[in-house]
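Student: Structure of the sequence below:
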Amino acid sequence: MPRRRCYPSDTFDDEWALIEPLLPTPACETRTGGRPEKHPRREIADAIRYAVDTGCKWRALPRDFPPWRTCYGFMARWAAAGIVGQIRDQLRKRIRREIGRAPGAVATVIDSQSVKAAETVGRDSRGFDDAKKTNGRKRHLVVDTKGLPLFVMVTPADMTDREAAKEVLFRLRLMHPEITIVRADSGHAGQLVTWAKTNLGLTLKTVGRPKDAVGFVILPRRWVVERSLAWITHARRHARDDERLIQHSESLITWAAITLMNRRITRRSSRRSGQPTSREADRD
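Tutor: Below is the predicted model:
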């Protein structure tokens, strides 16, 4: 019997219809064969989303989900195979097409966020950010002009934005060759601008705070990435970094973005079709 939907993070039918085709084919259905999967993949995805939304330990997953080792194993394998990134990219492209934009973004925005790390994070992947007075890790996020994530990389917090940006921009160039403009804060200014233009063919434009600004100021172009970081931090697992491995931290950040984009698509498609949304149908 399939488990009953009872948590806010659970997928609705229309949300799962978007994710399921993007997952890899089960081994038992391939030519080489394999053992059939014991638990439905929808329950695995719901468990991952529950862990991201609530911030609970893997061992503390409710008993109506599959065993935590199974859920953790699928999360790790999908992350290593790049499946999570592919789901993110396909959902982002669909949203851009629905709002009348080209699937591939040309202009992007980059920013970083330092967060505290739990005791499960080893010394080799954590550091102290002098500017933010934070002992932990730093998230480097790249979004398009609508705030939709393209790429995320996690580093120790003591790594400067300029140092991390070289690796971020290099990977971004390989994954999205259509990008031509990257906007960033003044922490990315200096030789990085010349390096990006010479080696990657990217135009790096910095947007600084006005000299007479006092307190919080909304900066043009840059505010979209700051909003995206705030959206991701709404998931309690990302209030700090609890992951022992950096790649798992990056994957779970991407899962938070997938949930946001997934629900944005289903709301829009339901309204356009004139049909009640899955949430309204569930209440009825």
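
Student: For the protein, just list every one of the helices.
Tutor: 13-19, 41-54, 68-80, 83-98, 161-175, 191-195, 223-233, 246-273, 278-283 (DSSP state H).

Student: and those helices as CSV, adding mean pLDDT and distance to Y7?
Tutor: (Glycine included, C-beta is placed from N, CA and C.) Shown next, in CSV, are those (pLDDT from 0 to 100; distance: least, Cβ to Cβ, whole Å):
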stretch, mean pLDDT, distance to Y7
helix 13-19, 95, 13
helix 41-54, 96, 6
helix 68-80, 96, 14
helix 83-98, 96, 20
helix 161-175, 94, 33
helix 191-195, 93, 43
helix 223-233, 93, 19
helix 246-273, 86, 12
helix 278-283, 46, 13
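
Student: Comparing these, which comes out most buried?
Tutor: helix 41-54 (a mean of 22; mean count of other Cβ atoms under 10 Å).

Student: mind checking how far that one is from the chain centre?
Tutor: 15 Å (Cα atoms, centre = their mean, to the nearest Å).

Student: quick check: angle from that helix to helix 246-273?
Tutor: If you take axes from the mean of the first three to the mean of the last three Cα atoms, to 10 degrees, helix 41-54 sits at 110 degrees to helix 246-273.

Student: okay, the angle between helix 41-54 and helix 223-233?
Tutor: Put simply, helix 41-54 runs at 110 degrees to helix 223-233, going by the same axes, to 10 degrees.

Student: For D242, which non-adjacent residue is spatially closest?
Tutor: Ranked by Cβ to Cβ, 6 or more residues apart in numbering and with sequence neighbours excluded, the top spatial neighbour of D242 is A118, at 4.4 Å.

Student: Make sure the one you found is actually in contact with R240.
Tutor: Yes: using Cβ atoms under 8 Å, A118 is in contact with R240, at 6.1 Å.

Student: What's the separation between the residue minimising distance to the centre of the chain and R173?
Tutor: Nearest to the mean C-alpha position of the chain, by Cα atoms, centre = their mean, lies T254 at 2.3 Å. For T254, the distance to R173 equals 19 Å [Cβ to Cβ, to the nearest Å].

Student: Tell me the spatial nearest neighbour of S186, not counting adjacent residues.
Tutor: Sequence neighbours aside, G208 is the residue nearest to S186 in space, at 4.2 Å (criterion: Cβ to Cβ, 6+ apart).

Student: can you count the residues close to the closest residue in space to A189 that isn't next to it in sequence?
Tutor: Ranked by Cβ to Cβ, 6+ apart and with sequence neighbours excluded, the top spatial neighbour of A189 is T206, at 4.6 Å. With neighbours defined by other Cβ atoms under 10 Å, the count for T206 comes to 16.
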